[in-house]
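Visitor: please find the sequence and the predicted model below.
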Amino acid sequence: MNFLSSQPKKRIFSGIQPTGNLHIGNYLGAIKNWVKLQNENQNIYSIVDMHALTIPENVSDLKEGVYEVAAAIIASGIDPKKSIIFNQSSVYEHAELSWIFNCIARIGWLNRMTQFKEKAGKKRDNASVGLFSYPVLMAADILLYRATHVPVGDDQKQHLELCRDIAQKFNTDFEIENFLQVPEPLIQKEFSRIMSLKDGSKKMSKSELSDLSRINLTDDKDLIINKIKKAKTDPLPMPNTLKELDERLEAKNLLGIYSSLTNSTLQKSVENFAGKNFSEFKQKLSEALVDKIEPISTEIKKLLDDKSYLDNTLLEGVERANIIASKKIKRIKEIVGF
């Protein structure tokens, strides 16, 4: 696929942090959709290791995290020949453009970012500048590649709005109309947020202490079955209607996982299991998970045993990404007067 054409039909950019093993939430919420998109579009997937620096506990395992994420997305079906896969820190233009955008963005814009407030918590004054300004780096990631579309979840819409604000102000400040164009969001309407197996009100996360809260893409058959057996449910039979799910968050989450894995609708899954025992449903859910995850898990382990292949794949991705990024940053530096 030609990534150098001046007017690509669609160029999709997305980033993923190298924070250890990926889980079923990452797969169903993002990677599954990426696999579908790669056959029709130009796709650029960045392992955003510079973003990972905003979380200090990630730093010690950063290199291994890059390997793990690269292996996971390749094992899940992303083809390095069809898509560009690279680690962000090896394309220096990301950092250059981020600094330029830091001089464009307004503090008031960043003060409105809800994710900073959530991640910094009550110790906001002690949070790093990197955590505060990382949406600016995210804007640089996106605009550097002239992406036409960006897959985003509900919790990232605000960042795309900031990206639009930065692009518009850059164009206005330097009197260059439509030079930076903000991509359209690709919003996955269903199953974009997979919740914890232990608490249906919390998003599934790699940072949650209990490994029983998630299905990792490296889990084997026995581990998957055990985790689903122990997944939190309520004492009632399976729900009969979609309306019931509003008050039964764990049931809604498990049915959502099943629906996404089987390419079904939530309505259809509710109808199929209405009034049945959770144990019967959990058996079917375990089977669907094992069918999907076990081959991915096997391939991940195979890839992690061949670091030279991963190194070469990432290096090739860096070279391909850099061809696009270097042209864009050269023009931007000319515009700002460097």
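Guide: Here it is on my side, so go on.
Visitor: the host helix or strand of residue 94 packs against which elements?
Guide: Counting by DSSP states H and E, the element that carries residue 94 is helix 93-102. Packing partners of helix 93-102 (3 or more Cβ pairs under 8 Å, 6 or more residues apart in numbering; DSSP states H and E): helix 129-143, helix 307-336. To be clear about C-beta, it is placed using only N, CA and C from the backbone, and glycine gets the same treatment.
Visitor: could you dump those to CSV with mean neighbour count and distance to residue 269?
Guide: Shown next, in CSV, are those (neighbours: other Cβ atoms under 10 Å; distance: least, Cβ to Cβ, whole Å):
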stretch, mean neighbour count, distance to residue 269
helix 129-143, 22, 34
helix 307-336, 16, 37
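Visitor: determine which of these approaches residue 270 most closely.
Guide: Closest to residue 270 of the helices and strands packed on helix 93-102, according to Cβ to Cβ: helix 129-143, at 36.5 Å.
Visitor: model confidence over the closest one, on average?
Guide: For helix 129-143, the mean pLDDT works out to 91.
Visitor: number of nearby residues for residue 88?
Guide: 24 (other Cβ atoms under 10 Å).
Visitor: what residues are up against it?
Guide: 15, 46, 47, 48, 49, 50, 51, 94, 141 (Cβ atoms under 8 Å, 6 or more residues apart in numbering).
Visitor: any chance of the helices and strands packed on helix 93-102 in TSV with distance to residue 203 as columns?
Guide: Converted to TSV, those look like this (distance: least, Cβ to Cβ, whole Å):
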stretch	distance to residue 203
helix 129-143	18
helix 307-336	28
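Visitor: those: which one's closest to residue 207?
Guide: Nearest to residue 207 among the helices and strands packed on helix 93-102 is helix 129-143; the distance by Cβ to Cβ comes to 14.5 Å.
Visitor: how about the CA coordinates for that closest one, as CSV?
Guide: Only the C-alpha atoms of helix 129-143 are listed here, as CSV (Å, rounded to 0.1, in the frame of the first residue of the first chain):
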residue,chain,number,x,y,z
VAL,A,129,4.0,18.9,33.3
GLY,A,130,4.1,15.9,30.9
LEU,A,131,0.8,14.6,32.3
PHE,A,132,-0.8,18.1,32.0
SER,A,133,0.4,18.6,28.4
TYR,A,134,0.2,15.1,26.9
PRO,A,135,-2.9,16.0,24.9
VAL,A,136,-0.7,18.4,23.0
LEU,A,137,1.7,15.6,22.1
MET,A,138,-1.4,13.6,21.1
ALA,A,139,-2.3,16.4,18.7
ALA,A,140,1.2,16.3,17.3
ASP,A,141,0.9,12.6,16.8
ILE,A,142,-2.2,13.0,14.8
LEU,A,143,-1.4,16.1,12.7
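Visitor: tell me what it is packed against?
Guide: strand 11-16, helix 49-52, helix 93-102, helix 107-111, helix 114-120, helix 157-173.
Visitor: what angle separates the longest one from helix 307-336?
Guide: With axes from the mean of the first three to the mean of the last three Cα atoms, to 10 degrees as the basis, helix 157-173 and helix 307-336 are set at 40 degrees to each other.
Visitor: from the contact counts, what lies against helix 157-173?
Guide: Under the contact rule (3+ Cβ pairs under 8 Å, 6+ apart), helix 157-173 is packed against helix 107-111, helix 114-120, helix 129-143, strand 149-152, strand 184-187.
Visitor: the ones you listed: which one's closest to residue 177?
Guide: Comparing the helices and strands packed on helix 157-173 by their distance to residue 177 (Cβ to Cβ), the top pick is helix 129-143, with 15.4 Å.
Visitor: returning to what we had before: now the contacts of residue 88 as JSON lines including distance to residue 197?
Guide: Compiled in JSON lines, these are given as follows (distance: Cβ to Cβ, whole Å):
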{"residue": "15", "distance to residue 197": "26"}
{"residue": "46", "distance to residue 197": "29"}
{"residue": "47", "distance to residue 197": "26"}
{"residue": "48", "distance to residue 197": "26"}
{"residue": "49", "distance to residue 197": "28"}
{"residue": "50", "distance to residue 197": "31"}
{"residue": "51", "distance to residue 197": "26"}
{"residue": "94", "distance to residue 197": "35"}
{"residue": "141", "distance to residue 197": "31"}
